[in-house]
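J.: here is the input, now give the coordinates:
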Amino acid sequence: NVFTSSCKEFQGGEVVLQDMAPSILQSILKYIYTEKLSLSLETAPDLFAAASKLQILPLVEICYRFLLKTISIQNCIGLYRLAQAYNHQALLYATMQLITLNFGRFCEDDDFLSLDISSLITILSSDGLAVASELEVYQTVRRWIQFQPTTGHSLLNELMRCVRLPLLTDRELVEVQLDSERYGDVQLHWKQLDSEERLLKSGGLRQGMSDELIVCVDSQMWEDQELQNEDFLMGSYDPHAERWEKLPGLKSLTHPACVALGDKLYVSGGICRNSYSDALYEFNSFKGQWTQLRSMSVPRATHGFLICNQRLYAMGGWRGFHEFLNSAECFDIAEQIWTPICRMPFALSRSASVVLKRKLYLLGGATGLLIYEVSTDTWTQVSLNNGFFSAGAVAMNNGIYVIGGYAEKRTREWVEGGLIPENRHCTRKCFFISGDGSMNEEMIVPKLPKGIANAAVVRWEKRIYVLGGENLTQCYKTIYYWEPGEPKWSKCPEDIPVSHEGVSGFGCTMLKRPKKEILSLFQTTSVALIGVVGK
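T.: Residues are numbered from 1 along each chain as shown. Here you go, the predicted structure:
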């Protein structure tokens with residue numbers, strides 16, 4: 001750095017620090033000699049820049065952490081430029097996340113329109129843009145070109161390659177054609193594409209082009225269905241619209257486990273026509289189709305089921321009445337094969353399962369939890385004071401929220417596969433567990449409105465949702481949600497749409513599904529815009 005470098009410019013006894021205010025240099029010297037530092041929204045960017053120039057890495061880190069806490073819509077573009085100027089990848093990532101998630105609010109600002117071509121291409125090429133329509137990206141390119149009257153047109157071709165033209169609907173194409181006629185500066189190229197060609201040619205959907213739905217996989221969800229009927233359904237709940245819809249389901253399947261990766265839903269095990277199932281299915285929400293994949297090595301129900309690093313993990317559960325399992329296996333989605341993994345320390349069922357920082361957690365079903373380290377294929381057992389089972393859990397805020405379930409009435413009694421069923425009560429209790437498995441009592445989680453076990457518990461955005469469930473005497477069809485920081489749980493106006501008392505023990509997860517306007521583009525072979533080329 002500037003104090004130890006042997007470079008030629010430092011050997012003359014004097015170094016001129018250009019573009020650095022005296023007050024900034026004084027703050028740096030004070031930090032070096034006293035480790036004291038005063039940061040504000042006004043001084044932090046300049047201190048970050050100066051520390052980066054002088055390679056005072058501890059000071060860079062302090063300034064970065066301060067800036068990270070203060071990123072906002074108002075200062076994000078400036079901080080993005082700052083991170084880019086000094087190649088600070090962590091700050092670049094944080095600012096890029098905010099820009100892509102709030103693209104519609106940024107794209108008309110003068111600061112955004114004055115971005116250099118390289119930065120603009122990086123942003124416009126991102127899959128993470130939260131745009132419901134590709135027309136927003138096209139319009140941004142048009143605005144940027146108009147904002148750069150001397151150089152904009154020469155860069156038009158390069159920028160238009162960032163626009164995923166095959167994703168424009170017929171209505172949106174009318175605007176593009178009108179622009180072409182109005183400005184007379186481009187030629188439009190068209191081609192007939194089927195659904196797969198359109199998806200390939202577009203480069204894929206943007207993040208904002210899909211809705212994140214809560215899907216419930218269980219034929220008990222729809223009592224009016226005959227189990228022999230060919231057309232089975234699963235429920236999907238849109239928390240934004242607070243509306244239920246029906247999607248294609250599986251035949252005669254109850255109590256399965258499910259996880260999702262993007263627009264793919266994976267369903268394993270459960271009970272099918274009174275027999276325990278070893279089946280694995282994949283549902284493609286883009287195509288609306290189910291595919292049966294290679295089966296597990298054994299039938300499983302009430303088992304842990306997770307996805308991590310493009311692999312599915314099926315753990316524990318039972319394969320018959322009181323036939324509990326301590327085996328676990330892993331399915332490689334790319335290779336389409338199951339492989340055994342290290343056996344669990346004991347048989348376990350009715351546990352909640354989550355992924356946190358590439359570790360798999362099985363919570364409850366015993367007096368504690370199990371943590372599986374994927375990289376080393378090892379299990380760690382962590383004890384808790386009280387036993388519980390049939391709870392829900394979600395990973396959030398660098399830990400795990402455990403919601404409801406059945407808890408012990410008195411001192412622990414152990415049976416193979418869990419706790420003695422008679423020694424239980426349905427609890428309202430919710431709590432937070434840190435990554436090491438320890439209870440974190442500083443994180444306050446309000447009690448549920450009533451004792452609920454065997455509910456579907458999922459995370460949607462910053463909320464935790466609890467759907468259905470049971471106590472010792474009845475099932476529920478209510479839906480509650482809570483966001484960290486709120487004092488209590490809230491009830492959704494819509495219940496689960498079942499005609500009977502309620503439903504519990506069903507498979508439930510979050511699934512991305514393309515918006516209807518986007519899906520309509522892929523229903524038939526049709527002519528698509530594939531190029532906008534400057535004249």
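
J.: for Leu165, give its distance to Gly203.
T.: 10 Å (CB to CB, to the nearest Å). Placement of C-beta: from N, CA and C, glycine included.

J.: between these two, which one's more packed in?
T.: Neighbours per residue (other CB atoms under 10 Å) separate Leu165 from Gly203, with Leu165 holding more: 24 against 16.

J.: ok, and for the helix or strand that Ala94 is a member of, which residues are buried?
T.: Taking DSSP states H and E as the criterion, Ala94 maps to helix 89-101. Across helix 89-101, burial judged by 16 or more other CB atoms under 10 Å covers 91-92, 94-96, 98-100.

J.: by contact count, what packs against it?
T.: Here helix 89-101 touches helix 57-70, helix 76-85, helix 117-124, going by 3 or more CB pairs under 8 Å, 6 or more residues apart in numbering; DSSP states H and E.

J.: tell me the most buried of these?
T.: Of all the helices and strands packed on helix 89-101, helix 76-85 has the most neighbours on average by mean count of other CB atoms under 10 Å, namely a mean of 19.

J.: packing partners of it?
T.: Applying 3+ CB pairs under 8 Å, 6+ apart, one finds that helix 76-85 contacts helix 44-54, helix 89-101, helix 110-113, helix 117-124.

J.: end to end, how far does stretch 239-254 reach?
T.: 24 Å (CA to CA, to the nearest Å).

J.: what's the mean pLDDT across that stretch?
T.: Regarding stretch 239-254, the rounded mean pLDDT is 87.

J.: could you list the buried residues of that stretch?
T.: Buried residues in stretch 239-254, counted by 16+ other CB under 10 Å: 239, 244, 247, 249-250, 252-254.

J.: from those residues, which two are the most distant?
T.: Spatial extent of those (CB to CB) is set by the pair Pro239 and Ser252 at 28.7 Å.

J.: output the longest strand belonging to this structure.
T.: Ranked by number of residues, the top strand in the chain under DSSP state E is strand 378-389.

J.: can you pull out the residues in contact with that strand?
T.: Strand 378-389 is contacted from outside by 342, 344-345, 349-351, 364-373, 402, 405-408, 412, 418-419, 424, 427, 436-439, 453, using CB atoms under 8 Å, 6 or more residues apart in numbering.

J.: now swap in stretch 48-57 and tell me
T.: Residues outside stretch 48-57 that contact it (CB under 8 Å, 6+ apart) are 1-2, 17, 20, 24-25, 28, 31-32, 59-60, 63-64, 67, 82, 85-86, 88.

J.: quickly list the domain ranges of the protein.
T.: 8-199, 209-518 (automatic domain parsing).

J.: any chance of TSV for these, columns distance to Gly534?
T.: Output for the domains of the chain, formatted as TSV (distance: least, CB to CB, whole Å):
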stretch	distance to Gly534
domain 8-199	4
domain 209-518	27
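
J.: most tightly packed of those?
T.: Comparing the domains of the chain by mean count of other CB under 10 Å gives domain 209-518 as most buried, with a mean of 18.

J.: straight-line length of it, end to end?
T.: Terminal-residue distance, domain 209-518 (CA to CA): 7 Å.

J.: just the element for Leu247, please.
T.: strand 243-248.

J.: just how off-centre is that strand within its chain?
T.: Relative to its chain's centre, strand 243-248 lies at 21 Å (CA atoms, centre = their mean, to the nearest Å).

J.: next SSE after it?
T.: That would be, after strand 243-248 and using DSSP H and E, strand 253-254.

J.: thinking again about what came up before, what lies in contact with the strand holding Leu247?
T.: Counting by CB under 8 Å, 6+ apart, 213, 215, 222, 231-238, 283, 285, 288-290, 494, 496-497 sit against strand 243-248.

J.: what about 10 Å?
T.: For strand 243-248, the surrounding residues in contact (CB atoms under 10 Å, 6 or more residues apart in numbering) are 213-217, 221-222, 231-238, 265, 283, 285, 288-290, 479, 494-497, 511, 513.

J.: from what I see, Leu325 and Gly317 are in contact.
T.: Yes - counting by CB atoms under 10 Å, Leu325 touches Gly317, with 5.4 Å between them.

J.: list residues touching both of those two?
T.: Common neighbours of Leu325 and Gly317 (CB under 10 Å, 6+ apart) are 298-303, 347-349, 417.

J.: for this protein, what helix or strand is lowest in average pLDDT?
T.: For the chain, using mean pLDDT, DSSP states H and E, the weakest element among its helices and strands is strand 414-415, scoring a mean of 50.

J.: let me see the ranges of the helices in this structure.
T.: 22-34, 44-54, 57-70, 76-85, 89-101, 103-106, 110-113, 117-124, 135-147, 156-160, 170-183, 195-202, 516-520 (DSSP state H).

J.: brilliant, that's me finished.
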